[in-house]
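>>> could you work out the structure for the sequence below:
(chains A and B)
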Amino acid sequence: MAGPALIPAGDFRTSYAADTTIFPTKTSRNFAIAGVLLLCLAPQFFGGYWLSILIQIGIFSIAALGLNILVGFTGQISIGHAAFFLLGAFTSAYISNNAPIPVFFAIPLAGVITALVGLIFGIPAARLKGLYLVIATLAAQYILLDFFSRAEWFSGGSVPASAEPFSIFGYTLRGDKQYFYVVLAYVLLSYILVTNLMRTRDGRALVAIRDHYLSAEIMGINLTKYRTLSFGLAAFFAGIAGALYAHYQLVVSQEGFGIERSILFLAMIIIGGTGSIMGTLMGTAFVVLLPESMEWLSLHLKGGAIDQALSLNTNITFLREIAIGLIIIAFLMFEPDGLAHRWRQIKAYWKLYPFSH
Amino acid sequence: MNTALLIQLLVNGLVVGTLYGVVAMSFVLIYKATQVVNFAQGELLLVGAWVCWALLAKYQVPFWIGMPMTLVFMFVFGIAIQVLILRPMIGEPIISVIMVTIGLSTVFQAALKWMFGVNPQPFPRVFESQSVNLFGLQIQTVYLMSLVVSVAMMIGMAWFFRASKYGLAMRATAFNQQVAQSLGISVKSVFAMAWAISATVSAVAGVVVAVVNGVSSGLAGYGIKVFPAAILGGLDSVGGAVLGGIIIGLLENIAQYVDSQYLHWGNLYEIAPFYVLIIVLMIKPYGLFGTHDIERI
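Residues are numbered from 1 along each chain as shown, chains lettered A, B, ... in the order given. As a prediction, this is how the structure comes out:
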């Protein structure tokens, strides 16, 4: 939520094109391109472990981006995002197993189907104010998970469903190194898509609804349409991410996709910054890296006094959950605009150094 | 048609339903007084049950001392949550407040698992477990006890709101905060009191469930069942919450009956309330007794 207060003094814009530009300066654009190029080289330098973490960050950041459209830009909450993620995973696995459609096309198709199912749950709630969508998505989470455990033809019931590796026109990608590029492509595509969405009339309509729904309606914005649309978009990105996850893991099981995972998705965007597209990426990286770093820390503290006091090894899962919960609360209380805001402030500090106040 | 089973399940539903009603009532209490949708309601049950369990089983405190100690603890605990976590959030958008309570529920869940372990623990015997023969039905005494405690809490709550000075202050605050403040009511203390009462009442419900089924993190599921109950009854109606809870409890057990006798789908018991929730949101979003001025768009 970059308010006018964050635009530095002397930054005048004289045309609408300049006002909606993605990169305010040439340097920032060059940095972004350089970053993407560096990421393209990542499989050459990183081993299997770090590569798998990068892939996870990529996949989850797409889902988190979808949630950020809903929470950050439209001001609604969903706590059923994990169920939609899982729906996308199962759908894509089902399509590619049972229909003569290559995985390349199954992934977007799964996104579309997830979006349609999302709309079914979104329609009653999108017509109502405030917290009703939260409660409807809570029901969606339980109903969908119940459906997955029931529908053996679709999801294999209690047995995990298998998914085929990513293939296009008879050529199959194998291993993390090749799959990394698929995920990278999807991440780039979705981030560019959403950035551009926010520059259009539709994107501004969503933000207007978030900021003041009554004024938005008076200005001629159809609230029901845009709320439903944003819910559908959120489900769409969750579905795409889920499908990518399915063809990455090659099996889909509903283990670990309960309501805790939905809360984790919320944590990603709260930590990153609600309503910030780059923040979503930062928040996802934070949430994915947090358990890894805690594991690393507990490994290093092994045998020490802290280890004995907390018996870290046996309790690491609980400590991780506590940390996630506390971080959500702390960010909401002390830094509601998330890491994205902090990042802007750090940049501003160095730009104005040594006269930063 | 298996009448005996049906009646048994209906009695079951009534007992569980009144408990849902009590929890929904304390959920609505917080919502009405402070406009906070509390996603950590189930965890309040859990905290209460574990604290009481720890006092009784670990420290061997007799029940008649342990229970009041639990209640006092929960009273303070409720105030602490409100003052430390939710007071700074006043004036923030409603979604931030909801997310704070979601964060709280994560913290409580994990912290309790950390402190007390993941295994369910049997509750120390408080009452002699027998069955009473009531109108030809075998009913366990713990069930009767639970029913009596729930109804007593509901009556107590009704009295509190109708007759006591604090209850009146709370109703005034729920009606209009500014007007209440100008009449000399301390909105701050009303907010804290709402959380304290809600936490205490939830803890009693938690202990009751624990006496019947033992303590486990599954107790927090009651906090999720609150949503169907409260939405059905109307989100801002205390009486509606009670009725909604009873209906959801009965409905679960009827679903169980239909499932076991005819459908054989399995697990319908767990999921039926959420279908009801979606249907209610579609056709009557303000519930049975809720205020009708929810803005439809």
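>>> does whatever helix or strand B:Thr106 lives in reach chain A?
Following DSSP states H and E, one finds B:Thr106 within helix B:94-116. Yes - Helix B:94-116 lies within reach of chain A by Cβ under 8 Å from any Cβ of the partner chain, at B:94-96, B:98-100, B:102-107, B:109-111, B:113-114. To be clear about C-beta, it is placed using only N, CA and C from the backbone, and glycine gets the same treatment.
>>> just stretch B:267-275 next, same as before
Yes - between stretch B:267-275 and chain A, judged by Cβ under 8 Å from any Cβ, the touching residues are B:Asn267, B:Glu270, B:Ile271, B:Phe274, B:Tyr275.
>>> show residues contacting that stretch.
The set of residues that contact stretch B:267-275 without belonging to it, under Cβ atoms under 8 Å, 6 or more residues apart in numbering or on different chains, is A:138-139, A:142-143, A:146, A:149-150, B:225, B:228-229, B:248, B:251-253, B:255-256, B:258-259.
>>> got a list of what A:Phe85 touches?
When the contact criterion is Cβ under 8 Å, 6+ apart, the partners of A:Phe85 are A:Ala63, A:Ala238, A:Gly239, A:Ala241, A:Gly242, A:Tyr245, A:Phe257, A:Arg261, A:Phe265.
>>> can you tell me the element it falls in?
Using DSSP H and E, A:Phe85 falls within helix A:81-98.
>>> and that helix, which residues are buried?
Along helix A:81-98, these residues count as buried under the neighbour rule (16 or more other Cβ atoms under 10 Å in any protein chain shown): A:81-96.
>>> same question for stretch A:183-195.
Neighbour counts using 16+ other Cβ under 10 Å place A:Val183, A:Leu184, A:Tyr186, A:Val187, A:Ser190, A:Tyr191, A:Val194 of stretch A:183-195 among the buried residues.
>>> any idea of the mean pLDDT in that stretch?
Per-residue confidence for stretch A:183-195 averages out to 92 on the pLDDT scale.
>>> what separates it from the chain centre, distance-wise?
For stretch A:183-195, the distance between its averaged C-alpha position and the chain's averaged C-alpha position is 11 Å (Cα atoms, centre = their mean, to the nearest Å).
>>> list of residues touching that stretch?
Looking at stretch A:183-195 with Cβ under 8 Å, 6+ apart, the contacting residues turn out to be A:22, A:36, A:39-40, A:55, A:58-59, A:61-62, A:65, A:69, A:107, A:237, A:240, A:244, A:248, A:277, A:281.
>>> where along the stretch 51-200 of chain B do the strands fall?
B:131-134, B:137-140 (DSSP state E, counting those that start in this stretch).
>>> and for chain A?
Taking DSSP state E as the criterion, chain A carries its strands at A:161-162, A:167-168, A:171-172, A:251-252.
>>> which of those sits closest to chain B?
Each of these was checked against chain B via Cβ to the nearest Cβ, and the shortest separation belongs to strand A:161-162, namely 19.2 Å.
>>> remind me which residues of the chain are low pLDDT?
Just so you know, I chose chain A. Across chain A, the stretches falling below the confidence threshold (pLDDT under 70) are A:1-10, A:125-130, A:157, A:170, A:303, A:305, A:307-313, A:356-357.
>>> let me rephrase: I mean chain B.
B:1, B:126-138, B:266, B:292-297.
>>> quick check: longest helix in chain A by residues?
Longest helix in chain A, counting residues (DSSP state H): helix A:223-249.
>>> quick check: buried residues in it?
Residues of helix A:223-249 classed as buried by neighbour count (16+ other Cβ under 10 Å): A:223, A:226-248.
>>> which one is A:Ala285 nearest to, not counting chain neighbours?
A:Ile57 (5.1 Å; Cβ to Cβ, 6 or more residues apart in numbering or on different chains).
>>> touching, the one you found and A:Phe286? I think so.
No - A:Ile57 is beyond contact range of A:Phe286, at 9.5 Å (criterion: Cβ atoms under 8 Å).
>>> distance of the closest residue in space to B:Gln181 that isn't next to it in sequence from chain A?
Sequence neighbours aside, B:Val187 is the residue nearest to B:Gln181 in space, at 5.3 Å (criterion: Cβ to Cβ, 6+ apart). Computed as Cβ to the nearest Cβ, to the nearest Å, the B:Val187 to chain A distance reads 20 Å.
>>> what about B:Val187, how many residues close to it?
Using other Cβ atoms under 10 Å in any protein chain shown, the number of residues around B:Val187 comes to 17.
>>> now do the contacts for it.
With contacts taken as Cβ under 8 Å, 6+ apart, B:Val187 has the following neighbours: B:Thr173, B:Gln177, B:Ala180, B:Gln181.
>>> ok, the residues you listed vs B:Ala194, which is closest?
Nearest to B:Ala194 among those is B:Thr173, at 8.4 Å by Cβ to Cβ.
>>> residues touching the closest one, list them.
Under the criterion of Cβ under 8 Å, 6+ apart, the contact list for B:Thr173 reads B:Ala33, B:Ala180, B:Ile185, B:Val187, B:Val190, B:Phe191.
>>> might one say that the second one is in contact with B:Leu168?
No - B:Ala180 lies out of contact with B:Leu168 (Cβ under 8 Å); the separation is 10.0 Å.
>>> so which residues of the stretch 101-250 of chain A form helices?
Listed in chain order, the helices found in the stretch 101-250 of chain A under DSSP state H, counting those that start in this stretch are A:103-126, A:132-150, A:152-155, A:175-197, A:201-211, A:213-218, A:223-249.
>>> quick one: closest of the ones you listed to A:Glu164.
Ranked by Cβ to Cβ, the member of those that lies closest to A:Glu164 is helix A:103-126, at 5.9 Å.
>>> before we move on, the earlier item: what's the closest of the contacts of B:Val187 to A:Asn30?
B:Gln177 (52.7 Å).
>>> find the nearest non-adjacent residue to that closest one, please.
If the residues on either side of it in the chain are set aside, B:Gln177 comes closest to B:Val187, at 5.5 Å by Cβ to Cβ, 6+ apart.
>>> ok so, going back, which among the contacts of stretch A:183-195 are in contact with chain B?
Residues of these in contact with chain B (Cβ under 8 Å from any Cβ): none.
>>> hmm, which of the residues you listed are the buried ones?
When burial is judged by neighbour count using 16+ other Cβ under 10 Å, the buried members of those are A:39, A:55, A:58-59, A:61-62, A:65, A:69, A:107, A:237, A:240, A:244, A:248, A:277, A:281.
>>> and these, which is closest to chain B?
A:Ile69 (13.9 Å).
>>> you'd agree that closest one is up against A:Ser230?
Yes - in this structure, A:Ile69 sits in contact with A:Ser230. The criterion is Cβ under 8 Å, and the distance is 5.5 Å.
>>> now the helices for chain B?
Assignment of helices within chain B using DSSP H yields the ranges B:3-34, B:41-53, B:63-81, B:94-116, B:141-163, B:165-175, B:177-182, B:187-213, B:221-233, B:238-258, B:268-283.
>>> what helices or strands is the fourth one leaning on?
Right, the one you point to is helix B:94-116. helix A:259-272, helix A:312-334, helix B:41-53 (3 or more Cβ pairs under 8 Å, 6 or more residues apart in numbering or on different chains; DSSP states H and E).
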